[in-house]
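Sequence and predicted structure, then a few things I'm wondering about:
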Amino acid sequence: MSAPELPNIAHLLQRHHGKIAIETAHTNYSYQSVSELVDHRIDQLRVSGARVVALFESDPVKWIVWDLALLQAGCVSVPVPPFFTVSQIRHLLQQTGADTWIGPRSDYLLLNELGFTAVSYTHLTLPTIYSV
């Protein structure tokens, strides 16, 4: 039995072009702006060679955008809960075979210990991509 086909996310985002996709207390994001953010992240994922990605992001909007990009790029997404201890993160990364970490630079010591190195320093509002 094959897996059900996923809808083309890019097509869905473009179809609602000017409508509001995400609304927060401070900002509204149109489907078009979400689509552009997703496309930018897909490019970053392709450059990094990511396949299995541990995603540590506390901002819900950024998490949504990264998750959509991972799905569209065909990557496996491994959410990292913000309450995990260092030991739990280490176990998660080892057990999932994550080859890429998307998250804050503050985790670089643990990531270096596990063999990850930074491959993409992005704009300050975006997390750094680390790869094994």
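Arrived safely. Numbering: from 1, shown residues only.

For the longest helix seen in the chain, what is the distance to the chain centroid?
Identified as the longest helix of the chain according to DSSP state H is helix 31-48. Distance of helix 31-48 from the chain centroid (CA atoms, centre = their mean, to the nearest Å) equals 10 Å.

Pull the residues that contact whichever helix or strand comes after that helix.
Next helix or strand after helix 31-48 toward the C-terminus (DSSP states H and E): strand 52-55. Residues outside strand 52-55 that contact it (CB atoms under 8 Å, 6 or more residues apart in numbering) are 45, 63, 66-67, 70, 75-80, 92-93, 96-103. Where you see a C-beta, it was placed from the backbone N, CA and C, and this is true even at glycine.

Let's check: the centremost residue of this protein is which one?
residue 66 (3.3 Å; CA atoms, centre = their mean).

that's a helix at that one, yeah?
Yes. Under DSSP: H, G, I helix; E, B strand; the rest coil, residue 66 falls within a helix.
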